[in-house]
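*Asks:* Provided below for reference: sequence and predicted model.
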Amino acid sequence: HVQLVESGGGSVQAGGSLNLSCTVSGYENRRHMGWFRQVPGKGREGVAAASIGGATDYADSVKGRFTISLDNAKNTLYLQMNSLKPEDTAMYYCAAAYNGKGSRLADGAYEYWGQGTQVTVS
């Protein structure tokens, strides 16, 4: 049974920073992990992804501002978010992929999801 638990969300002013964390427990043979975000009425948007081998992907909207990192020893995924903008406001979800099929920024590539953590930028 795989569980993902996010933390680190909150409210910040524009230009501020937040660091999200996601701890994974359960089956460990993951291919990659990712961060997604969703606002009411819209689908989930891939924000950043990291493969177990170290490759990373970012949405164009966050390149240069967000950094994803994966600590395999701690089974923890991080998302350092700097220079936050109001349009970054969303529920952020952590996800884990075991089959490794499809784009790392596509939500269909992931089998397991966390419960989400809210990020609000004003």
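*Replies:* On my side now, so go ahead.
*Asks:* the residue nearest the centre of the chain bridge partners, please.
*Replies:* Centroid-nearest residue in the chain: residue 35, 1.6 Å away (criterion: Cα atoms, centre = their mean). Beta-bridge partners for residue 35, by DSSP bridges, are residue 48, residue 94.
*Asks:* let me see the contact set for it.
*Replies:* Residue 35 makes contact with 20, 22, 46-49, 68, 77, 79, 92-95, according to Cβ atoms under 8 Å, 6 or more residues apart in numbering. No exception for glycine: its C-beta is placed from N, CA and C like everyone else's.
*Asks:* show me the shaky parts of the protein.
*Replies:* Counting by pLDDT under 70, the chain shows no low-confidence range.
*Asks:* show me the strands in it, by range?
*Replies:* 3-7, 10-12, 18-25, 32-38, 45-51, 56-58, 66-71, 76-81, 90-97, 112-113, 117-121 (DSSP state E).
*Asks:* burial of the closest residue in space to residue 107 that isn't next to it in sequence, as a residue count?
*Replies:* Nearest residue to residue 107, sequence neighbours excluded (Cβ to Cβ, 6 or more residues apart in numbering): residue 44, at 4.6 Å. The tally of other residues near residue 44 (other Cβ atoms under 10 Å) stands at 18.
*Asks:* now swap in residue 103 and tell me
*Replies:* 12.
*Asks:* same question, residue 101
*Replies:* 10.
*Asks:* before we move on, back to that, so which of the strands of the chain gets nearest residue 106?
*Replies:* strand 45-51 (6.3 Å; Cβ to Cβ).
*Asks:* show me what the closest one is in contact with.
*Replies:* 31-38, 56-59, 62, 66-70, 77, 79, 90, 92, 103-107.
*Asks:* 7 Å instead?
*Replies:* With Cβ atoms under 7 Å, 6 or more residues apart in numbering as the test, strand 45-51 has contacts from 31-38, 56-59, 62, 66, 68-70, 77, 79, 104-107.
*Asks:* now stretch 53-61
*Replies:* By Cβ under 7 Å, 6+ apart, the list of residues contacting stretch 53-61 from outside reads 45, 46, 47, 48, 49, 50, 66, 68, 104, 105.
*Asks:* burial count for the first one?
*Replies:* Residue 45: 16 surrounding residues under other Cβ under 10 Å.
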